[in-house]
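Chemist: how would this look folded up:
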Amino acid sequence: MLKPVSTSVSYICNMKKYILTNLALCLLFIIACRENVPMNEIHLKIGQIHIIQLEQSAGTGYQWELFNNHTEVVQVAMDARNSKKDSLVVGGKQNLEVKLTGKKKGNSKLVLQLKRSWENQAIEQKEYTIIVN
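Modeler: Just a heads-up that it's a prediction; the model follows:
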């Protein structure tokens, strides 16, 4: 048995309102979560370790370099390894692991630049604010 057209139309309108309301709520939730902690802010406790993963192509001369670091607040160790799929390719990509360890309470700004050692200009720069509690 077929429903009257007016019932079907009202059902569709109600579903559209329901879907749009839920989408709006999801967007508000995502925005609220992103505003609480900036993407480049890292919170550590003393002794806690945080790892930043970066990609570089050392064979082209471009490598991530530590531009500035306040070593009294955080200890930084960098370790580059060839990615598995590019391990046999000359100039293949490398995965750079930047290991941060909280040393002392305070704030620090970490700046990493992707550049060639013989050039002054970086092609990319990443900045992180590290807060050790």
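Chemist: for E119, what are phi and psi?
Modeler: Dihedral angles of E119 (phi, psi; degrees, to the nearest 10) stand at phi -110, psi 150.
Chemist: gap between it and G59?
Modeler: Computed as CB to CB, to the nearest Å, the E119 to G59 distance reads 16 Å. No exception for glycine: its C-beta is placed from N, CA and C like everyone else's.
Chemist: between these two, which one's more packed in?
Modeler: The neighbour comparison of E119 against G59 (other CB atoms under 10 Å) goes to G59, with 14 against 10.
Chemist: was I right about the more buried one contacting G92?
Modeler: Yes - the criterion here is CB atoms under 8 Å, and G59 meets it with G92 at 6.6 Å.
Chemist: could you point out which element follows the top strand by length along the chain?
Modeler: In the chain, with assignment by DSSP state E, the single longest strand is strand 106-116. Once strand 106-116 ends, the next helix or strand along the chain (criterion: DSSP states H and E) is strand 124-132.
Chemist: for L44, grab the count of nearby residues.
Modeler: 20.
Chemist: I'd like to know how far it sits from L54.
Modeler: The spacing between L44 and L54, counted by CB to CB, is 18 Å.
Chemist: K103 now?
Modeler: 22 Å.
Chemist: can you give me the helices in the protein?
Modeler: 5-36 (DSSP state H).
Chemist: what's the neighbour count on T129?
Modeler: Using other CB under 10 Å as the criterion, T129 is surrounded by 13 other residues.
Chemist: measure it to L44 for me?
Modeler: Distance, T129 to L44, using CB to CB: 11 Å.
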